[in-house]
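Peer 1: Quick one: sequence plus predicted model below, questions after.
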Amino acid sequence: MINLFDTIRNTLVPIHKEGYVFVVIFFVVSLILGYFAEPLFWIGLVLTLWCAYFFRDPERVVPQDDDLVISPADGRVSHVALVVPPAELDLGIEPMLRISVFMNVFDCHINRAPVRGQVTRIEFREGQFVNAELDKASSDNERNGLVIDTPHGRVGVVQIAGLVARRIVCWVKPNEPVSAGERFGLIRFGSRLDVFVPAGGQARVVVGQRAVGGETVLAEFGSAKGPTIGRRA
């Protein structure tokens, strides 16, 4: 019986408190619609379960190594390239390694700090809501950028709204310390995160790879191996 209880507890992922109100709203609307037509209740119930799934907040095993840059979100690596960072981050005009992780509506949307350090800057910019997978989303879309001062220099993290996402949430404040893998925000509902890695960092993922927030290593410092090369198999 104890083993069964542990299995159930480990299978059921908790919902982040930010999602409680949405789950309740979805369920109440389902009841109202079901009053008029029973099939609408079942459709609403499915959407309610999806909403609870969307706001899931699983625990992650985070590598504790200052030489590693960890994925800030679950999703697909959509871009790995040298790009000039957004001007509002004040990271200079030289290209930096940018690794982008795109989250669809079925990915866990809790955002986690990719590195240990101190948040020195937070800048919000209004913008458009085009498909977050497009490269121009980095400059055109509504976004919220953080700069984290680390032992290897300043790392930029940008939360980018998407085609469906209309709300960026950030819980940390300037001058606060963060740990690698620490939860710092979320985006509703489908979006992207860009990580700008300072000189010396080498990519450890390739475009198309699935990343797990708080666990997958995006980049590494202090390695002479060079960038990672991948192939489909």
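Peer 2: Looks like it came in fine.
Peer 1: Please name the nearest non-neighbouring residue to the spatially most central residue of the chain.
Peer 2: The chain has Ala73 as the residue nearest its centroid, 3.0 Å off, counting by CA atoms, centre = their mean. Spatial nearest neighbour of Ala73, chain neighbours left out: Gly213 (4.5 Å); criterion: CB to CB, 6 or more residues apart in numbering. For the C-beta atoms, the positions are set from N, CA and C on the backbone; glycine is no exception.
Peer 1: Backbone dihedrals for the one you found, both of them.
Peer 2: Backbone torsions for Gly213, taken as degrees, to the nearest 10, come to phi -60, psi 130.
Peer 1: just checking, it touches Arg60?
Peer 2: Yes: if you go by CB atoms under 8 Å, Gly213 and Arg60 touch, sitting 6.6 Å apart.
Peer 1: and for these two, which residues touch both?
Peer 2: Residues touching both Gly213 and Arg60 (CB atoms under 8 Å, 6 or more residues apart in numbering): Arg112.
Peer 1: Between these two, tell me which one has more neighbours.
Peer 2: Gly213 (26 against 18; other CB atoms under 10 Å).
Peer 1: Can you give me every residue that contacts that one?
Peer 2: Contacts for Gly213 (CB under 8 Å, 6+ apart) come out as 60, 70-75, 101, 108, 110-112.
Peer 1: pLDDT wise, what is it at?
Peer 2: For Gly213, the pLDDT comes out at 93.
Peer 1: Okay, helices next: where are they in this structure?
Peer 2: Taking DSSP state H as the test, the helices found in the chain are 2-11, 20-36, 38-54, 137-140.
Peer 1: looking at those, which is closest to Gly92?
Peer 2: helix 137-140 (16.1 Å; CB to CB).
Peer 1: circling back: just the helices of the chain: most buried one?
Peer 2: Most buried of the helices of the chain by mean neighbour count (mean count of other CB atoms under 10 Å) is helix 137-140; its value is a mean of 19.
Peer 1: packing partners for that one?
Peer 2: Counting contacts by 3 or more CB pairs under 8 Å, 6 or more residues apart in numbering; DSSP states H and E, helix 137-140 is packed against strand 153-161.
Peer 1: And for the nearest residue to Ala113 once chain neighbours are set aside, the neighbour number?
Peer 2: Closest residue to Ala113 apart from its sequence neighbours, by CB to CB, 6+ apart: Val178 at 4.2 Å. The local packing of Val178 (other CB under 10 Å) involves 21 other residues.
Peer 1: ditto for Pro177
Peer 2: Neighbours of Pro177 using other CB under 10 Å come to 13.
Peer 1: Could you list which residues are in contact with it?
Peer 2: Here Pro177 is in contact with 117-119 (CB under 8 Å, 6+ apart).
Peer 1: how about these in a markdown table, adding neighbour count?
Peer 2: Converted to a markdown table, the contacts of Pro177 look like this (neighbours: other CB atoms under 10 Å):
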| residue | neighbour count |
| --- | --- |
| Gly117 | 21 |
| Gln118 | 13 |
| Val119 | 20 |
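Peer 1: got any ranges where the chain has weak pLDDT?
Peer 2: 1-13, 16, 19, 130-132, 164-166, 189-190, 224-233 (pLDDT under 70).
Peer 1: How much space separates the residue nearest to Arg210 when sequence neighbours are not counted from Val84?
Peer 2: Distances taken as CB to CB, 6+ apart put Arg76 closest to Arg210, at 5.9 Å, once the chain neighbours are dropped. Going from Arg76 to Val84 by CB to CB, to the nearest Å gives 23 Å.
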